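> Below is the sequence, then the predicted model.
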Amino acid sequence: MSSSLLWAVDVYGKVYSLSTTRGRWERDEDTLLELKRVTAGQRCSWGIGCDHHVYLNIDPGEVPIRYREETYENQRWNPVDGFTDVLLPTDRWAWSDLTGGTAQPLHSFLLPSNSWEWEGDWYVDQVCAGGDPIETGGWEYAVDFPANFSREKKWNSCVCRRRWIRDRIYKARGSWTKIPLDHPKQPPLPLSDVSCGGWEMSDQPGRYHFLWGVSQQGQVWFRSGILPQVPEGQCWEQVEAPREVAQISAGPGDLLWAVLWDGQLLVRTGICLDSPTGSSWVVVDSPPVKEGGTIHVAVGVSVVWAVTKDYKVWFRRGVNSHNPCGSGWISIGGEMMMVDVGLNDQVWGVGEDRGLYFRKGVTPSEPSGRGWIPVSAQWGHSKEMVQPRSVAYGVHTENAHFPVFLHCIRFHIFCMKGSMRWWRDWKPYRWVDVGVALEQSTNVNGKRDAIFFIYFTQYDEKKYLHVFISDVTVLVPVLKENSHHAFAVYTSDSTKQRWPLILSAQTEKDMADWLSLLAGCCCEARGIRGTPSRQALWSVTSKGDVMVHEPSPCLEAPAHTLPCDMMFWLQVPGHLRCVESNSLGVVWGIGYDGTAWVYSGSGSQSCAFPVFVGDRCILHTQTDGRTVYIYENQRWNPVTGYTDKLLPTDRFPWSDDNGFTECTKSTTHPPSPQWSWVTEWAVDLAFSGGTDKEGWQYAADFPVTFHGNKSLKDFVRRRRWVRKCKITLTAPWQEVPPIPLSDITVLPCLAQSSMEQVSVWGLSDKGDVLCRLGVTPQNPAGSSWLHVGTDQPFKSISIGGGHQVWAIARDRAVFYRGSVSARNPAGECWYHIPSPPKQSLRQLSVGRTSVYAVDENSNLWYRQGLTPSYPQGSAWELLSNNVTKVSVGPLDQVWVIADWVPGCPSELSVPGAVCHRLGVGPMQPKGQSWDYGIGVSHYQLVLILMSAPNGTVFPK
């Protein structure tokens, strides 16, 4: 039976473990082992020995821990000896790493510690070369070392290399072993306390953790490089602290607290996967005692417990990832020398009598519990009791439970109930009053799962629907008839069927609370924590909501392509019309009023997904404005002249632009309750096509083109009324004044790229071309605009790999900007590019070696013949139709927004489906087929994909 372990150290340094399967204390088999401190994480435990060495104990498992060492053998050809290891002085080493910068002969590889052993001897990697070992011997050939290698030996192949591999395996699982010293000839780091945590922050298999330590001098240290394949880590890094630290505790998430020598407390903020050591310290007052302060602190997922010098126990309320410092102390009955927090925030303590106690009644609704009960477990096969001085709870496998005193924490269920209205998606379509419940369970392995239930009654029979939270792909507010507080829940199946689950709350606050709760559960189910990574895909909906998809490394891997309908999109606070980013974390957006905004969370390691996971971003007040239009329509008759008495086949007297929807002044509202009117209704005299002095336009009939001058043949007329509205939000977006923009583009690049400045180009609302100077990952807003001269106003612009800048003018002419580079960011001159025959382009996107464009008829075009010597290309090739937007990534990945996709019902034929081009590669630059993803259903959802993630797999 699988088991979990509770570790303890007695006053003599002996190590004991209490197993869920055996129900008794057992001493470690190493009788010479003596530890001062022990801390447990997921599948491993750490301890500090009396000899000051740090010890590691990894839980036994069926899958071995294996690490692969590699080195490359390099040779160059000469006319006398052929291929030989005698290289040029400017070449790489004869044995080196992949880049050639480090010498790596075979004899230089040593085992890092006695816990490892070689699994075999060195051998040549035949798979790397891709050929038959008899024919190639594992060699790859190229013209020179920086060039691309291939298995084929050509007439101009002057260099070759082959990869040598040797695996080592970790052999010390299930026993306490010393971790290697950073400097073998120096004594070990004298640590007085150690704590591991953070495993719930990792989304990698095995969930590696973070290890923190405190030295006897009060310094804080962090063990870097701990990975599933490198369980011992690499080295200790000092983390500066404002004062001397006495004790430290890390939680399974991003919480880290420390006790100072004077009894005060420190909280580390900004801890996330990208910055595991955090960013800053915050001092927190100790519990209100007369003297002495705090001597011990213990941290869980969302709880903090403390023990003061009078051995009183305190609980910190209000602690979570949003507020790691909490809000106040609560005194808990009982006296303890120390406490420790385990799985599900369960609490253990060591009393003044050196006995072990367990806190009963700890639940998510009552995290402080109800009382202490002693742990009465036998030692081995005798009646002798263990008197621990240090205790830690380590969880290794799930479905484990302690037979007597741990049955209450085997499985936790959190339930949230409420009432809503549900849009029934079968005839007769209507709103139905339903009860909803969110059930979130946590097992002993720490794995959380949740199900969302919808209970309703049909024909006096009680029924229910359910949605697995792990299947949810997007949660978005929507505008639905007779409801201003509706939101849609998409799953992968409903995405394919184009029918989301639509619910309506009673108030705006109720909708926001449910969205926040559901989104938080979705993030937990997918292990999403901290800031949107630099690899994130950004998008906006037709309502202006900003969405982010946190990708996995296999999103575009050919063997493991992630279908678009399974991509999870998370809403980020803000309101934008379009958004652009690149893999260095530079994210720009444009509001509906033309204001430029830059994401302020990119440079802040402390920023989390602001609403749903944490709100520690650099927040600003963001505003946006929209203009709402309605049309007044009239028809002429011989008796009364122009009147609102229209023919039965005419449009409504007050309507939208198409005339299909009735829109009066009283029934037309802002886009959502978050918006407010800032002007009154007024006649629009600046209507395109011209108007008379009262704002009217005339035509022979409504489908005909309107003009501003009345003639004898004009029997209908219309005029447009305009009213402006405004939205104000608190969001992680910083305004970039003062020029309103109509389009923006950011230079796509690889994640590992290093550049002094990032090229950002934009178009003003008047069509002027602008180049932003001073943009860096640390200062994404840049410093100033540089005007780039043009002969006419432009409407679309895009920059691709190698600083290729393409643009479309308002007269639909296509241009290429020559000589653009990092040193010459504005380039030299414009080159005119012919448009596709009889077509007018409206939007384009540039990748590394490809250019795609969309014309006015929603056709997608591919530019043929692009080469470094002729970057303008040679001709346009029609690739697809029904495309609204296109975005090309740094490695020529293609994503589009489609007007219509197969499987979408005819009654829902509105634009908005995200599609991904499959099979794009050097040999197939145009790809092979489309993968259809999240799109529209009862509401219009348009994702304008303009993101540039990690440079290897994602679009611009």
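Here it is on my side, so go on.

> Could you list the domains of the protein?
Domain assignment for the chain, taken from automatic domain parsing, gives 5-61+173-409, 66-170, 412-524, 558-619+732-932, 624-729.

> Ok, which of those comes nearest residue 540?
Smallest distance to residue 540 across the domains of the chain (C-beta to C-beta): 5.1 Å, for domain 558-619+732-932. Glycine gets a C-beta too; all of them are placed from N, C-alpha and C.

> average model confidence for the closest one?
Mean pLDDT, domain 558-619+732-932: 84.

> Identify the residue spatially nearest to residue 705, adjacent ones excluded.
residue 699 (6.5 Å; C-beta to C-beta, 6 or more residues apart in numbering).

> count of residues packed around the one you found?
Number of residues near residue 699 (other C-beta atoms under 10 Å) recorded here: 18.

> Can you give me every residue that contacts residue 662?
Contact analysis of residue 662 by C-beta atoms under 8 Å, 6 or more residues apart in numbering lists 652, 654, 655.

> Let's have those residues in JSON lines, adding pLDDT.
As requested, the contacts of residue 662 are exported to JSON lines (pLDDT from 0 to 100):
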{"residue": "652", "pLDDT": "93"}
{"residue": "654", "pLDDT": "95"}
{"residue": "655", "pLDDT": "94"}
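
> And the buried ones among these, selectable in ChimeraX?
Filtering the contacts of residue 662 down to the buried ones (16 or more other C-beta atoms under 10 Å) takes a single ChimeraX command:
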select :652,654,655
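
> which among the contacts of residue 662 gets closest to residue 921?
The closest of these to residue 921 turns out to be residue 655 (C-beta to C-beta; 49.4 Å).

> May I have the residues that are in contact with residue 219?
Contacts of residue 219 by C-beta under 8 Å, 6+ apart are 238, 241, 244, 245.

> now it: how far from residue 575?
Distance from residue 219 to residue 575, counting by C-beta to C-beta, to the nearest Å: 46 Å.

> for this protein, what helix or strand is lowest in average pLDDT?
Sorting the helices and strands of the chain by mean pLDDT, DSSP states H and E puts strand 388-394 at the bottom, at a mean of 47.

> check which helix or strand covers residue 485.
Using DSSP states H and E, residue 485 falls within strand 483-491.

> which of the residues in the lengthiest strand in the chain are buried?
Ranked by residue count, the top strand of the chain under DSSP state E comes out as strand 620-637. By neighbour count with 16+ other C-beta under 10 Å, strand 620-637 contains the buried residues 620, 622, 624, 625, 626, 628, 630, 631, 632, 633, 634, 635.

> I figured the last one was touching residue 718, is that so?
Which is residue 635. No - using C-beta atoms under 8 Å, residue 635 is not in contact with residue 718, being 10.1 Å away.

> can you pull out the helices in the stretch 51-200 of the chain?
126-129, 133-136 (DSSP state H, counting those that start in this stretch).

> which of the ones you listed has the lowest average pLDDT?
Note on the helices of the stretch 51-200 of the chain: helix 133-136 shows the lowest mean pLDDT, a mean of 60.

> For residue 785, give me its contacts.
Here residue 785 is in contact with 739, 762, 770, 771, 772, 773 (C-beta under 8 Å, 6+ apart).

> Now with 7 Å, please.
By C-beta atoms under 7 Å, 6 or more residues apart in numbering, the contact list for residue 785 reads 739, 770, 772.

> Output the domains of the chain in CSV; the columns should cover distance to residue 548.
Formatted as CSV, those follow (distance: least, C-beta to C-beta, whole Å):
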stretch, distance to residue 548
domain 5-61+173-409, 15
domain 66-170, 32
domain 412-524, 11
domain 558-619+732-932, 5
domain 624-729, 16
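
> and of the ones you listed, who's closest to residue 537?
domain 558-619+732-932 (7.8 Å).

> starting at the chain centroid, how far to the closest one?
In terms of C-alpha atoms, centre = their mean, to the nearest Å, the centre of domain 558-619+732-932 is set 20 Å apart from its chain centre.

> likewise stretch 681-690?
That offset, for stretch 681-690, works out to 44 Å (C-alpha atoms, centre = their mean).

> any idea which helix or strand carries residue 645?
For residue 645, there is no host helix or strand (DSSP H and E).

> Please report how far it lies from residue 653.
Counting by C-beta to C-beta, the separation of residue 645 from residue 653 is 8 Å.

> Tally up the residues packed near residue 325, please.
17.

> How about the contacts made by it?
Contacts for residue 325 were tallied using C-beta under 7 Å, 6+ apart; they are 267, 282, 284.

> What strands line up against the helix or strand encompassing the second one, and which way round?
Think residue 282. Applying DSSP H and E as the criterion places residue 282 in strand 280-284. Sheet pairing of strand 280-284 (DSSP bridges) gives strand 265-269 (antiparallel).

> unless I'm mixing things up, residue 317 is touching residue 327, no?
Yes - Residue 317 is within contact range of residue 327, at 5.8 Å (criterion: C-beta atoms under 7 Å).

> Which one of the two is surrounded by more residues?
Comparing residue 317 with residue 327 by other C-beta under 10 Å, the one with more neighbours is residue 317, at 13 against 9.

> separation between that one and residue 303?
9 Å.

> can you map out the strands along the stretch 251-400 of the chain?
256-260, 265-269, 280-284, 294-299, 304-308, 312-317, 328-341, 347-351, 356-360, 371-374, 388-394 (DSSP state E, counting those that start in this stretch).

> possible to save those strands as JSON lines with distance to residue 70?
As requested, the strands of the stretch 251-400 of the chain are exported to JSON lines (distance: least, C-beta to C-beta, whole Å):
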{"stretch": "strand 256-260", "distance to residue 70": "35"}
{"stretch": "strand 265-269", "distance to residue 70": "36"}
{"stretch": "strand 280-284", "distance to residue 70": "39"}
{"stretch": "strand 294-299", "distance to residue 70": "39"}
{"stretch": "strand 304-308", "distance to residue 70": "44"}
{"stretch": "strand 312-317", "distance to residue 70": "48"}
{"stretch": "strand 328-341", "distance to residue 70": "41"}
{"stretch": "strand 347-351", "distance to residue 70": "44"}
{"stretch": "strand 356-360", "distance to residue 70": "48"}
{"stretch": "strand 371-374", "distance to residue 70": "54"}
{"stretch": "strand 388-394", "distance to residue 70": "33"}
